[in-house]
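# Have a look at this fold, sequence not included:
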């Protein structure tokens, strides 16, 4: 009811006054089978004074501040205390006026007052709750532990969801009633769904490992119901989210890979107490590197970014984090391009940068395929100029963020990243002051261009999901885990090292799309199921796209101090040969000679094996016009 608060309190007080009067009359009548005393004016006046005092006590105990929908034990205690107080006052009034009213009658009065006032509120609570139940989704909560019970309490006031059953793996919970909701075994889940007409499954297992959650989701997927999950334990403890802020199942839960606890000495080695610089600081990987770097207490963090908006966003976010966590780190937001060696060198020398994480790159395969020269300049010459600036500024450690697409590349982007690796390997042999290393990994979940947010948008729009090939597979890792491993890998090696992150098993993208559809409660639309909801449309491989990605060029890899990081032993060029190749590439880029660029890429030790011709849009346009 949308009544004003004052009106609601006035109604409550009026009802309570009436209940107190009825309780007094009923108690007296049951004891003496008469209404004689009720007709006594002095007794009535005495009782009115007792009633007024009782209402004041109820008010002081906060009874009229509680909302009927959420009334609980605290309100019951207030009613009990107020009723007992009222009985004591009534007893004093009886003694003072020598009224005929026994102790048993007085106890009856206290009992009737408590029962009436509490009962009316409980009845109203049920009526208010029941009035909104018709529009609610009946849901099953998977997990009857502390989080599941908290979720049940939170949903008691929900107008959207109503919990009707629990399911839990622990046999000791089976058959138990939690606030009138029964706990069932997972073996009964299909029967429970049909019995109650359940339309949603809510996962309440925030502390379960990712592997456990993946097995659980695998079990729930065939049921064809939307599966929502409560926030993770970290977000709940930190107060970032509430337990009833339900989310779609996270893709990392589908992958089932638990993060490995980081090695503290590797996290701090290149950061704590040092001046750190991140190029591409506003990008997916660069921004996450920045978030994790400030937690390791660097002296200063230099944010280098070409996009003004991206730099503004990450600087604002990090400043807020520093304030909230009371961290003493100086942020230095700088605009610039990695092609400007003088700008880079000026920044590094001005702030005496000691560690550089080079995340700036063009990484979208089709876009680089359509813009070959810009991809070459940014990824190869940008890396070279940044590295030369680091050498001239006596930077201690330089870490390149590479990609699995650099391994036997079929596209320009992967080839440019392999050329960037070769450049740093050659520079590592040319000098000894700056230690260069490269970290190679696959796709990160949630990055710009990732299939996961794209699929989510397409599902919400009703499809179709667009997929380039039914058998395409990719390695996946979360952005935080990738950034954490990059930092740790950068602390190892002696110079020119190529580190490869253990990405787990590759994922078939078609299976990923299918699971995402099923977990939203929808069905795949195909020839076998023409009445389905979401179609998966195969569009064909894009220019330069591979069916399968690899992380190693050869078979020679060595373990490191971290179980998820391997060291690759791969071919490299000496600096004279690399410098000659870079000079030729530079001259060809200046002349916009795409054919010469492609020849140089094919002849370089990159393993470049293109699946398409030259796809550069401007080059093709000029070719057509001539």
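That came in fine, so what should we check first? Keep in mind that this is a model prediction, so the values were computed, not measured.
# CA only for contacts and neighbour counts going forward, please
Noted.
# Now do the helices in the stretch 351-500 of the chain.
With DSSP state H, counting those that start in this stretch as the criterion, the stretch 351-500 of the chain has helices at 365-370, 372-376, 382-392, 412-430, 451-460, 479-490.
# would you list these in a markdown table and tack on mean pLDDT?
Output for the helices of the stretch 351-500 of the chain, formatted as a markdown table (pLDDT from 0 to 100):
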| stretch | mean pLDDT |
| --- | --- |
| helix 365-370 | 92 |
| helix 372-376 | 96 |
| helix 382-392 | 97 |
| helix 412-430 | 94 |
| helix 451-460 | 82 |
| helix 479-490 | 87 |
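# Pick the most buried one from these.
Comparing the helices of the stretch 351-500 of the chain by mean neighbour count (mean count of other CA atoms under 10 Å), helix 412-430 ranks first with a mean of 26.
# on that earlier part again, show me the one of the helices of the stretch 351-500 of the chain that comes nearest residue 45.
Closest approach to residue 45 among the helices of the stretch 351-500 of the chain is made by helix 451-460 (67.8 Å; CA to CA).
# before we move on, the earlier item: mind putting the helices of the stretch 351-500 of the chain into JSON lines with distance to residue 284?
Shown next, in JSON lines, are the helices of the stretch 351-500 of the chain (distance: least, CA to CA, whole Å):
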{"stretch": "helix 365-370", "distance to residue 284": "16"}
{"stretch": "helix 372-376", "distance to residue 284": "18"}
{"stretch": "helix 382-392", "distance to residue 284": "18"}
{"stretch": "helix 412-430", "distance to residue 284": "17"}
{"stretch": "helix 451-460", "distance to residue 284": "13"}
{"stretch": "helix 479-490", "distance to residue 284": "8"}
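# nearest to residue 406, of the ones you listed?
Nearest to residue 406, of all these, is helix 412-430, at 4.2 Å by CA to CA.
# and that closest one, what does it pack onto?
Applying 3 or more CA pairs under 8 Å, 6 or more residues apart in numbering; DSSP states H and E, we find helix 412-430 packed against helix 365-370, helix 372-376, helix 382-392, strand 435-440, helix 575-590.
# again, only using 7 Å
Where contact means 3 or more CA pairs under 7 Å, 6 or more residues apart in numbering; DSSP states H and E, helix 412-430 is packed against helix 365-370, helix 372-376, strand 435-440, helix 575-590.
# In TSV, list the ones you listed along with distance to residue 483.
Formatted as TSV, the helices and strands packed on helix 412-430 follow (distance: least, CA to CA, whole Å):
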stretch	distance to residue 483
helix 365-370	21
helix 372-376	23
strand 435-440	10
helix 575-590	29
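# Looking at those, which is nearest to residue 465?
helix 365-370 (18.7 Å).
# which residues of the stretch 1-150 of the chain score low on pLDDT?
Applying pLDDT under 70 to the stretch 1-150 of the chain flags the ranges 1-5, 31-43, 66-72, 93-105, 126, 128-136.
# For it, which segments are assigned as helices?
Using DSSP H, counting those that start in this stretch, the helices of the stretch 1-150 of the chain run over 5-32, 41-60, 73-97, 103-131, 146-155.
# Just name whatever secondary elements the helix or strand that comes right after the last one is in contact with.
Scanning the chain past helix 146-155 towards its C-terminal end, the next helix or strand to appear is strand 161-167 (assignment: DSSP states H and E). Other helices and strands packing on strand 161-167, by 3+ CA pairs under 7 Å, 6+ apart, are strand 137-142, helix 146-155, strand 181-184.
# Let me know the next secondary structure element after the last one.
It stands for strand 181-184. helix 189-196.
# Check which helices and strands the next helix or strand after that following helix is in contact with.
The first helix or strand that comes after helix 189-196 along the chain, using DSSP H and E, is strand 200-203. Packing partners of strand 200-203 (3+ CA pairs under 7 Å, 6+ apart): strand 137-142, strand 227-229.
# Make TSV from these and add mean neighbour count to it.
Output for the helices and strands packed on strand 200-203, formatted as TSV (neighbours: other CA atoms under 10 Å):
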stretch	mean neighbour count
strand 137-142	23
strand 227-229	22
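# Switch the ones you listed over to TSV; also include distance to residue 191.
Output for the helices and strands packed on strand 200-203, formatted as TSV (distance: least, CA to CA, whole Å):
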stretch	distance to residue 191
strand 137-142	12
strand 227-229	17
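# Which one of those strands lies nearest to residue 265?
Across the helices and strands packed on strand 200-203, closest to residue 265 is strand 227-229 (CA to CA), at 34.5 Å.
# Adjacent strands (with direction) for that closest one?
Its sheet considered, strand 227-229 pairs with strand 200-203 (parallel), strand 247-248 (antiparallel) by DSSP bridges.
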